[in-house]
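>>> Sharing a model that was predicted from the sequence below.
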Amino acid sequence: MKIFNYVKNFAFSLFILFSINLNAVDKNTDIKVNILGDPNAPNILVEYASLSCVHCANFHIKKLPEIKDKLINTGKVQYIYKDFPLDLPAMLASMIAHCYEGEQFYSILNSLFINQKKWLKASNNKKELFKSFHLILKEHGVTEEKIKVCAAENDLNKKKWDSILASRLEGQKLGVNSTPSFILNGKKLEGSVDYKIPLKHIY
């Protein structure tokens, strides 16, 4: 028996997320955290994003590099990406990204955002989608077989699937209702975010 049917389970999972008591977080589900920058930096910028979100891709391509250069690399801010998948293609892309950690996770994330239009064109067919992922990620040493393993229906990946959904639930608790959304030192930032916005609030 399969652990999850991709389309039906994702739709059902989102129904549960929108109808559940948002205070009832599954304490048995670990949410993986990949930190970019100094983990001891005094300020924490968290982004909730969906890999299929055009506005998220624009932020990662146009604005995050400057935030990284002026705030993250200088030790002022640690940045954390958290999943808030809006659809099944984003969920599968997150499943693959979370096969990796640290800098490699962020390198893969960056490539998926830069080439978002390419893999979204293939998103109606899982086989073609995985081929598209491979063409984009092979520069990172990611094989097509590895992509299949990362998204295979098994107990290990079921935990990863639940962890990604838990990340979305966490975001909903914090008031996230669109992507990208940003939380700086526990407070939700409003509107578009570039490096100047965190500068007004950091210490």
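Thanks, I have the structure now. All of these numbers come straight from a predicted model, not from anything done at the bench.
>>> rest of the way, CA atoms for contacts and neighbours
Fine.
>>> if I pick the nearest residue to residue 63 once chain neighbours are set aside, what's in contact with it?
Closest residue to residue 63 apart from its sequence neighbours, by Cα to Cα, 6 or more residues apart in numbering: residue 194 at 5.6 Å. Neighbouring residues of residue 194 by Cα atoms under 8 Å, 6 or more residues apart in numbering: 63-64, 66-67.
>>> nearest to residue 169, of these?
Minimum distance to residue 169 across the contacts of residue 194 is 24.1 Å, recorded for residue 64 (Cα to Cα).
>>> So what touches the helix or strand where the closest one lies?
Using DSSP states H and E, residue 64 maps to helix 64-67. With Cα under 8 Å, 6+ apart as the test, helix 64-67 has contacts from 194-195.
>>> pLDDT on whichever helix or strand comes after that helix, on average?
Per DSSP H and E, the first helix or strand lying C-terminal to helix 64-67 is strand 77-83. The average pLDDT for strand 77-83 rounds to 97.
>>> Summarise which helices and strands the helix or strand immediately after strand 77-83 in the chain is packed against.
Downstream of strand 77-83, the next assigned helix or strand under DSSP H and E is helix 88-97. Helix 88-97 is packed against helix 6-19, helix 102-114, helix 144-150, helix 155-173, with contacts defined by 3 or more Cα pairs under 8 Å, 6 or more residues apart in numbering; DSSP states H and E.
>>> In this protein, what helix or strand scores lowest on average pLDDT?
Lowest by mean pLDDT, DSSP states H and E among the helices and strands of the chain is helix 6-19, with a mean of 47.
>>> May I have the beta-bridge partners of the residue nearest in space to the middle of the chain?
For the chain, residue 83 is the residue whose C-alpha lies nearest the centre (Cα atoms, centre = their mean; 3.3 Å). In this entry, residue 83 is beta-bridged to residue 49, by DSSP bridges.
>>> Contacts only, for it.
Contacts for residue 83 (Cα under 8 Å, 6+ apart) come out as 48-50, 94, 164-165, 167-168.
>>> Okay, it and residue 50: tell me how far apart.
According to Cα to Cα, to the nearest Å, residue 83 and residue 50 sit 6 Å apart.
>>> quick revisit: could you dump the helices and strands packed on helix 88-97 into JSON lines and include distance to residue 123 and mean neighbour count?
As requested, those are exported to JSON lines (distance: least, Cα to Cα, whole Å; neighbours: other Cα atoms under 10 Å):
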{"stretch": "helix 6-19", "distance to residue 123": "12", "mean neighbour count": "13"}
{"stretch": "helix 102-114", "distance to residue 123": "13", "mean neighbour count": "18"}
{"stretch": "helix 144-150", "distance to residue 123": "15", "mean neighbour count": "16"}
{"stretch": "helix 155-173", "distance to residue 123": "18", "mean neighbour count": "19"}
